[in-house]
Structure formats: C-alpha cells, structure tokens
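Colleague: take a look and give me a structure for this.
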Amino acid sequence: MLSDIPSVERILNDNRIIDLLEKYSRASITKLIRVELEINRQSIIDSNLEFNYEVFIDILINKTNNLWLNEIKHVINATGVILHTNLGRAPLSLDASNSVKKSSSSYSDLEFNIQSAQRGSRQEIVSDILCNLTGAESAFVVNNNASAVFLSILALCKNKDVIISRGEAVEIGGGFRIPDIISNSSANLVEVGTTNKTYVSDYEAAINDESAGILMVHTSNFKITGFTHSTDTSDLVKLANANKLPLIQDLGSGSLIDTRDFNLDYEPTIQDSIKSGVDLVLFSGDKLLGGPQAGIIIGKKKYLDLIKKHPIARAIRIDKLNLTALSSTLLHYIKGEALDKIPVWKMISANVEFLKSRVLVWQEKIVIESNIIEGDSTIGGGSLPGQVLPTYLLSISGSKMNCGINDFFNKLLNNKIPIVARIEKDSIMFDPRTVLDNEDDKLIDVVNSVYENIS
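Modeller: Next comes the predicted model:
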C-alpha cells in the first residue's frame, strides 16, 4: 500500500497543481506536498488506510487555496461597535495611512536629524507633539499600553512595593491582568481598600520604606455602581508628593477630547490628569486617541529619563510604521481637525440624522426587503462601558432571506470583502456609524450579491 504513494515530482506535474504554481512558489507547494504525503504514509502504517490520489489532490488544492485566509483582510464593520477589538480597533485617518505608505516604501528620517546631519531619536518625532497637547514635561512611546505599564513599574519600582486600590487590580483584556504585569515587572503588589471602596487613608496606611510608587488604574472597561467610593486624584497627588513617590496613572483608552460634548459620560482626559499633578500618565494609541497600536507614557521628566534609559525600553519600543501613523494622528489634534479626520471621532460625533440619510440610501439600493429602525451604537474597545450613541439601523428580517439567518450572516462574512453585522430579534442589523464613508457602495453590492445567489 505504501507503494501506491506517488512521488513529489509526479504530483507537481499534475495539471491541477501546475495551475497552483502560477499563484504560489514551487518551494511552498513542494513543502505542503511533502507534509501531506507524510500524513498519508503514517495513516497507512497506523491504520492500514488506502491512499486515494484524487482525494489527496483535492485536499492539497483546498489547503493551498486556503493559505490566502491567513492574510489580514479588509472588513466592513457594520456592527456599530466603534472600537471593535476583534476588527483591529481604530481605523487610521487617510493622512495617517498615506504617511505609513510613504514611510514604508522609502527611506525616512526616523533616527536622523536633518538640521544637524547627526543621529537623532525616533522618540523626538512625537515627544514634542505629545508635550504640546498635554502639558507634560516629557514623553516616551512603546508598542502597547501593557508594555507601558510593565516598563514604568520595572524602571521605577523594581523589588519594591507598588500600592494599588483592590478595585483597580483589573484584567485589561486578552487575559492580561494588572497584578500579573506588576509581578512580572519585579515589583510587589500591595492592594489597599476593598473592591467597592478605597480611601486616601488606605493608601497612606500602606506606605513604608519599601514603597516605590502608587498606581491608579482607570477602570475603563467596566463599572461598579451603588455603594462605592474612589479616592480623588488630587488627594493621591498630595499623598504621593508628601512621600516623594511617583503617582502613576494607567488611563487605558486615553482621550484628548471631552466625551461629554457628545452626551457621553466623562472619560478622564490625558491633559486633565497632567494638570492635576499626576507624575506619569499611560494610555493606548489605538483606542480613543484614534491612532495605531501604541503605549504612550507622558509626565515628569525625571521619571521619564529613568524609563528611557532602562534596557527593556529598546525591546518594546514602537516600530517606525506605527510611529509614523501616531505622528500623523497627533497632528490632527494640533491642527484642530480631529473630529473631521480621525475616523473614531468622526463616528462618535456623527449626526444621527446624517446616519439616517445613509441607511435610507442603502434601503433604496438593496434589493432585499428591509426596514429602518432606531438603535444604539457602542464605543467598545474597553472604553466608556455601558455608554451608547443613538443611531439608525438597516434591518433585514430572517423571513426575507430565502435561507436561514445564520446562513445569510455567514455568506456575508465569507465574501471577498467580508461584512460583519449583528444579529438581533431574528434580523441582521447594519449600523452606518461604523461603516466608513467610502464603503457604502461595497456594502450594498455584497448584500445584493449574497441575496441574488441564494434566491
């Protein structure tokens, strides 16, 4: 039975495999053939299974064609979740994406000072802008906010105590927990207060000769309501200053714009934290800031100098493409055009009547019968939990689909340009708030194509 297994060369000369070689390299196809042949050889030895050439070729073709699925694809987000973690969180502005394209396809002044013709620092590109926007003395950017917390604690509190409210020792997503980050930063976690109530006196009682810092964590991804009390930032600033300890605040999302302007609850702004006297403020680049993945540390120069000099700082620094995108994003704030050009803020600030006008156009052009209903969009991404924005939804009932609602939903997902919507009340809902301006026609075409193929 082992003799029935063909040679690699015979398989490569099969016309169906020759067609694959037009799209993929011979080396990659050859490797895949050898792997599959070994699987079949082992099946014959272990289970006495016969080798079927036609089945083998079909499996090989399917596995090869599925390689493209490993590529990150453009997806239309019609869920109404603005910072959708599974869909890459914040989309970049056109200016930011164009800057990345230019930077990635040519050389740049990443670490070269053109004025002095000397080696420069990649951090200088964004440091001055961040300080201008927030009032901070210094800034440093790493690859994400978990790294920012890790590096800050490691550089300032190694082998010492870090004091934190028990109610702020949270999990920040993806299984990453603040206590784990602190312990891996070679610091000792000292929890004070209770889950729902922590007073400044709790922090004060925990301070001793082993204390190296106080950590505040903004619980941006959940809410505790009812019988609660959290320590005021100004009180912690006074306590930290009196004991010569750095007060470190992990804001998580990090917003430069007052969310109350859009009928949302107040999200602590970065500049407010600096103004209140917090020594170090840490936040993400790809949440409410509306930029690429990044962890941003701003605050007092004396602490930032220690952080920048730490050996781990280089290991987790931001790469050149994200740095380029971050710089372009921050410039939108400097120019006062964030609401007009940063997609996240365009979505948050979108007029509800404008959203209605978009779904009316969708309804007119989509061939399947639909309804327009009022609904809610959410911020997502661990930001502003429980907060919603009013919107209008295009609703297609399962009874109009000539197939099961899950089947229709999956066909939308498996398109060349996948559409991710949401299922509610036996209907598929499409929220225009998170569909980018240039995606309307694509959404209409995909929905019509799916419907016509199942009719």
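Colleague: in the stretch 151-300 of the chain, where is pLDDT below threshold?
Modeller: Residue ranges of the stretch 151-300 of the chain with pLDDT under 70: 172-175, 220-225.
Colleague: strands of the stretch 251-400 of the chain, residue ranges please.
Modeller: Per DSSP state E, counting those that start in this stretch, the stretch 251-400 of the chain carries strands over the ranges 280-284, 295-299, 371-380, 383-397.
Colleague: report the contact partners of the most centrally placed residue in the chain.
Modeller: Closest residue to the average C-alpha location of the chain: R89 at 3.8 Å, with CA atoms, centre = their mean. Contact analysis of R89 by CB atoms under 8 Å, 6 or more residues apart in numbering lists L83, D286, K287, Q293, G381. (Glycine included, C-beta is placed from N, CA and C.)
Colleague: just put those in CSV and tack on neighbour count and distance to N132.
Modeller: Formatted as CSV, the contacts of R89 follow (neighbours: other CB atoms under 10 Å; distance: CB to CB, whole Å):
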residue, neighbour count, distance to N132
L83, 26, 25
D286, 28, 21
K287, 27, 21
Q293, 19, 23
G381, 23, 26
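Colleague: what's the closest of those residues to K238?
Modeller: K287 (29.4 Å; CB to CB).
Colleague: the closest one reaches S383, doesn't it?
Modeller: Yes - counting by CB atoms under 8 Å, S383 is a contact partner of K287 at 5.5 Å.
Colleague: who touches both of those two?
Modeller: L83, G252, S253.
Colleague: relative to S357, which of the strands of the stretch 251-400 of the chain is closest?
Modeller: It's strand 383-397; of the strands of the stretch 251-400 of the chain, that one is closest to S357 (CB to CB) at 8.9 Å.
Colleague: partner strands of that closest one and their direction?
Modeller: strand 371-380 (antiparallel), strand 427-430 (antiparallel) (DSSP bridges).
Colleague: give me whichever of the ones you listed is most buried.
Modeller: strand 427-430 (a mean of 23; mean count of other CB atoms under 10 Å).
Colleague: can you give the contact residues for that strand?
Modeller: 78, 80, 359, 362, 375, 393-398, 405, 408-409, 412, 419, 421-423, 443, 447.
Colleague: so V170 versus F176, what's the distance?
Modeller: From V170 across to F176, the span is 10 Å (CB to CB, to the nearest Å).
Colleague: got it, and I129?
Modeller: 28 Å.
Colleague: do the same with T378
Modeller: 22 Å.
Colleague: same question for I368.
Modeller: In terms of CB to CB, I368 sits 42 Å off from F176.
Colleague: what about the two, which has more around it?
Modeller: I368 (19 against 15; other CB atoms under 10 Å).
Colleague: so the more buried one versus N77, what's the distance?
Modeller: 20 Å.
Colleague: for L32, which residues are in contact?
Modeller: L60, K63, T64.
Colleague: how close does it sit to L60?
Modeller: L32 is 7 Å from L60, by CB to CB.
Colleague: could you list the domains of the protein?
Modeller: 2-67, 76-85+344-454, 94-341 (automatic domain parsing).
Colleague: any idea how far apart the tips of the last one sit?
Modeller: This means domain 94-341. 8 Å (CA to CA, to the nearest Å).
Colleague: now swap in the second one and tell me
Modeller: With CA to CA as the measure, domain 76-85+344-454 spans 21 Å from end to end.
Colleague: change the start of the numbering to 21 and stick with it
Modeller: Okay, using 21 as the starting number, the last item reads as domain 96-105+364-474.
Colleague: how far out from the middle of the chain is it?
Modeller: 20 Å (CA atoms, centre = their mean, to the nearest Å).
Colleague: before we move on, what about the longest one?
Modeller: Its chain's average C-alpha position is 16 Å from that of domain 114-361, according to CA atoms, centre = their mean.
Colleague: looking at the strands paired with strand 403-417, which is nearest to S124?
Modeller: Among these, strand 391-400 sits nearest to S124 (CB to CB), with 27.8 Å.
Colleague: dump that closest one to CSV, keeping only the CA atoms.
Modeller: Provided in CSV are the C-alpha atoms of strand 391-400 (Å, rounded to 0.1, in the frame of the first residue of the first chain):
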residue,chain,number,x,y,z
ASN,A,391,-36.7,48.2,7.5
ILE,A,392,-35.1,51.2,9.1
ILE,A,393,-35.3,51.2,12.9
GLU,A,394,-33.8,53.2,15.7
GLY,A,395,-30.9,51.6,17.6
ASP,A,396,-27.7,52.2,19.6
SER,A,397,-24.0,52.2,18.7
THR,A,398,-21.4,51.4,21.3
ILE,A,399,-17.8,52.7,21.8
GLY,A,400,-16.2,49.3,22.5
